[in-house]
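Novice: using only what follows, build the 3D model:
(chains A and B)
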Amino acid sequence: MAGLKIRYMKKIKLVIILCAIVSFQATAGGGWVHSKGKGFFKLSEWWVVADKHYIGNGEIDDNITTGLYNTNLYGEYGISDKVNLMLNLPIFSRSFTNDEVSGTTGSLIMAGDAINSIGDMDIGLKYGIIRNKPVVLSASLYLGLPLGKTNGGNRRTLATGDGEFNQILSVQASTSKSIGKFNLFAGIDLGFNNRTKGFSDELRYGLEIGSVFNKRLITILRLQRFESLENSNFVEDNGVSIFASDTEFSAYTYEVAYEIKEKYGITANVGGAFSGRLIFANKSYSIGVYMKL
Amino acid sequence: MENMKMIKTIFFGVAISSLLLSCIGEDIIADRMDELVKITTRVESLAIGTNFQLEATYLNEVGQVEDVGFAWVSSNENVISITSSGLIEALTGGTTVITLSLPGRVDIMDVMTITASSTTEILMKTERKGTLQTTSSYALSGDFTLVDTGSSLELRLASDFVASSALPGLYMYLTNNTNTNNGALEIAAINMFTGAQVFTLPSEVKIDDYSHVLFYCKPFSVKVGDGRFEN
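Specialist: Below is the predicted model:
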């Protein structure tokens, strides 16, 4: 019985790490929490570059090539056996647009533009409601601090943040099962994003499934849906962005991670949208390294 | 110690890669248009014994006006003669065809038939019309008219004008190149997205200077739509 419990706890610890790997901004997957003094930290590069965007009715239209690059620090730390401190911070964020060059004469039509700054920070707490059971449940509260820039650049179209203070309350439920050398896990989450400065509030929900092979190779599929409650007090006019009000999308993320040593590993993921409104229309990518406490 | 060194190396590697990957690139705009010459003063008839200075314009491969030398030819020099600068003189009754081209080129030209008679008649347009069409996923429609009131030139959007309000910075232009707003004459930002509106143009603009009305989201260089002048 003691041996079974040890194996179970080890499996839980592994899956906690796995869910943290797929963390996307303030929607860290998984109902598990780290115990006191344990944690997970990831440094990653995330980017999206798009020459198309979803307009308000879901159709896709062209735009000048625009990109956003974030060097991201993500962390989870157990301040007690039930409570984790969470942080997501783009320590360096760069947004740019391309030069426009005449294909006929080769002359510069319009110079490109760029801004660099820190990005919007998400800081929060996660509380383990049900722990050490086959199905675990937790609740999270994130505060989104608008440290990034808005209306930046010469044309005032570039942004590294949305300029508004928001709060995301969510619940996550997860479970896992071992089959031979595979550890399988699955989870669902449901959240509400309360936005300020007149931005529309959002409903967020997601599903993730994954597997660990031989305790080293991790593969994860995450599906997410962000829905706008369309209760903003202004007409959104910026679909060439990821920071708009009334943004909606149904998206997927594929992630692969490999544990190099017991405490370190590397990750890579690609994400895209099945549909969207007022958001970039292209895939995003991320590569990173993680460390466990 | 070794672990910290590895972490620092990875951190700087990631930071440097982000700077390199996020360099400003180039969007190549397919802005080629057919070159064009046009005789801008249209003469129906010229009184015998009088002369008249014809004017012309050359639009280059990106639809912009360029100063060039022209080649003028009259098909019947005995009826109406023409100089190398485009000055015509009516000599005797009859009809001639004036051809405008570029020296050494026969691929682009404009022609005008003039009758030498007892009166001089210059064709003066006072109105040009067209219809807007969207070329994007954003709404744009309605009729427009360019009117010479005698004291000014007005671009009038009709009561059926509709444009999407979802774009930041929707601007209206006059242009000879519908592929770009580079070199276009910016008229105004659109602040009313439905209904009739009137815009007074700068005094130096002539009624025949442009071939299209163009709508662009200026901040993001997104073409929304255009409308060709039908006359």
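
Novice: measure residue B:170 to residue B:188 for me?
Specialist: The gap separating residue B:170 from residue B:188 is 10 Å, by C-beta to C-beta, to the nearest Å. To be clear about C-beta, it is placed using only N, CA and C from the backbone, and glycine gets the same treatment.

Novice: the more surrounded of those two?
Specialist: For residue B:170 versus residue B:188, neighbours defined as other C-beta atoms under 10 Å in any protein chain shown are more numerous around residue B:170 (23 against 13).

Novice: phi and psi next, for the more buried one.
Specialist: With angles defined as degrees, to the nearest 10, residue B:170 sits at phi -80, psi 120.

Novice: identify the bridge partners of it.
Specialist: With DSSP bridges as the criterion, residue B:170 is bridged to residue B:217.

Novice: residues in contact with it?
Specialist: Going by C-beta atoms under 8 Å, 6 or more residues apart in numbering or on different chains, residue B:170 touches B:163-164, B:189-190, B:193, B:215-218, B:224.

Novice: repeat the analysis, applying 7 Å as the threshold.
Specialist: Counting by C-beta atoms under 7 Å, 6 or more residues apart in numbering or on different chains, residue B:170 touches B:163, B:189-190, B:215, B:217, B:224.

Novice: before we move on, what SS does the residue lying closest to residue B:129 once chain neighbours are set aside have?
Specialist: Distance criterion C-beta to C-beta, 6 or more residues apart in numbering or on different chains; nearest residue to residue B:129, sequence neighbours excluded, is residue B:145 at 5.1 Å. The three-state label given to residue B:145 by DSSP: H, G, I helix; E, B strand; the rest coil is strand.

Novice: isn't residue B:145 up against residue B:156?
Specialist: Yes - with contact defined as C-beta atoms under 7 Å, residue B:145 reaches residue B:156; the gap is 4.8 Å.

Novice: so residue A:168 is in which element?
Specialist: strand A:166-179 (DSSP states H and E).

Novice: burial count for residue 227?
Specialist: This is for chain A. 17.

Novice: the intended chain is chain B.
Specialist: 21.

Novice: ends of stretch A:131-151, how far apart?
Specialist: Length of stretch A:131-151, first residue to last, C-alpha to C-alpha, to the nearest Å: 44 Å.

Novice: same thing with stretch A:109-126?
Specialist: 50 Å.

Novice: in it, which residues are buried?
Specialist: Within stretch A:109-126, the residues scored as buried using 16 or more other C-beta atoms under 10 Å in any protein chain shown are A:109-110, A:112-124, A:126.

Novice: narrow those residues to those in helices?
Specialist: Under the assignment DSSP state H, the buried residues of stretch A:109-126 contribute nothing to helices.

Novice: returning to what we had before: packing partners for the strand holding residue A:168?
Specialist: The contact analysis (3 or more C-beta pairs under 7 Å, 6 or more residues apart in numbering or on different chains; DSSP states H and E) places strand A:166-179 against helix A:2-21, strand A:135-145, strand A:182-194.

Novice: out of the buried residues of stretch A:109-126, which touch chain B?
Specialist: Checked against chain B using C-beta under 7 Å from any C-beta of the partner chain, these yield the following neighbours: A:109-110, A:112, A:114.

Novice: any chance of a markdown table for those residues, columns pLDDT and distance to residue A:262?
Specialist: What follows is these, written out as a markdown table (pLDDT from 0 to 100; distance: C-beta to C-beta, whole Å):
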| residue | pLDDT | distance to residue A:262 |
| --- | --- | --- |
| A:109 | 92 | 55 |
| A:110 | 90 | 52 |
| A:112 | 93 | 45 |
| A:114 | 94 | 40 |
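
Novice: need the max-distance pair from these.
Specialist: Maximum pairwise distance among those (C-beta to C-beta): 17.4 Å, between A:109 and A:114.

Novice: from the contacts of residue B:170, pick the one nearest chain A.
Specialist: Proximity of the contacts of residue B:170 to chain A (C-beta to the nearest C-beta) peaks at residue B:217, which lies at 8.1 Å.

Novice: what separates the most centrally placed residue in chain B from chain A, distance-wise?
Specialist: Nearest to the geometric centre of chain B sits residue B:176, at 2.0 Å (C-alpha atoms, centre = their mean). Going from residue B:176 to chain A by C-beta to the nearest C-beta, to the nearest Å gives 13 Å.

Novice: quick one on the thing from earlier: of the buried residues of stretch A:109-126, which belong to strands?
Specialist: Using DSSP state E, the members of those that fall within strands are A:109-110, A:113-117, A:121-124, A:126.

Novice: with those in mind, which one is nearest to residue B:73?
Specialist: Checking these against residue B:73 by C-beta to C-beta gives residue A:109 as the nearest, at 36.6 Å.

Novice: list the residues that contact that closest one.
Specialist: A:100-102, B:29, B:180, B:182.

Novice: now, which of the residues you listed sits nearest residue A:247?
Specialist: Looking across these and measuring by C-beta to C-beta, the closest to residue A:247 is residue A:100, at 25.9 Å.

Novice: next one: residue B:91 from residue A:30, what distance?
Specialist: 95 Å.

Novice: neighbour count winner among the two?
Specialist: residue A:30 (28 against 18).

Novice: any idea where the helices of chain B begin and end?
Specialist: So, for chain B - with DSSP H - the helices run B:2-21.

Novice: about what we covered before: what is the burial count for the residue nearest to residue B:129?
Specialist: 15.

Novice: helices or strands up against the helix or strand hosting residue A:68?
Specialist: Element membership for residue A:68, per DSSP H and E: strand A:60-78. Judged by 3+ C-beta pairs under 7 Å, 6+ apart, strand A:60-78 is in contact with strand A:39-54, strand A:83-97, helix B:2-21, strand B:222-228.

Novice: 6 Å instead?
Specialist: In terms of contacts (3 or more C-beta pairs under 6 Å, 6 or more residues apart in numbering or on different chains; DSSP states H and E), strand A:60-78 is packed against strand A:39-54, strand A:83-97, helix B:2-21.

Novice: buried set for it?
Specialist: For strand A:60-78, by 16+ other C-beta under 10 Å, it's A:61-78.

Novice: would you mind giving the ones in strands among the buried residues of stretch A:109-126 as JSON lines with distance to residue B:67 added?
Specialist: Converted to JSON lines, these look like this (distance: C-beta to C-beta, whole Å):
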{"residue": "A:109", "distance to residue B:67": "21"}
{"residue": "A:110", "distance to residue B:67": "25"}
{"residue": "A:113", "distance to residue B:67": "33"}
{"residue": "A:114", "distance to residue B:67": "37"}
{"residue": "A:115", "distance to residue B:67": "40"}
{"residue": "A:116", "distance to residue B:67": "43"}
{"residue": "A:117", "distance to residue B:67": "46"}
{"residue": "A:121", "distance to residue B:67": "57"}
{"residue": "A:122", "distance to residue B:67": "59"}
{"residue": "A:123", "distance to residue B:67": "63"}
{"residue": "A:124", "distance to residue B:67": "65"}
{"residue": "A:126", "distance to residue B:67": "70"}
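
Novice: just to check, the residue nearest to the centre of chain B is in contact with residue B:63?
Specialist: Yes - counting by C-beta atoms under 6 Å, residue B:176 touches residue B:63, with 3.8 Å between them.
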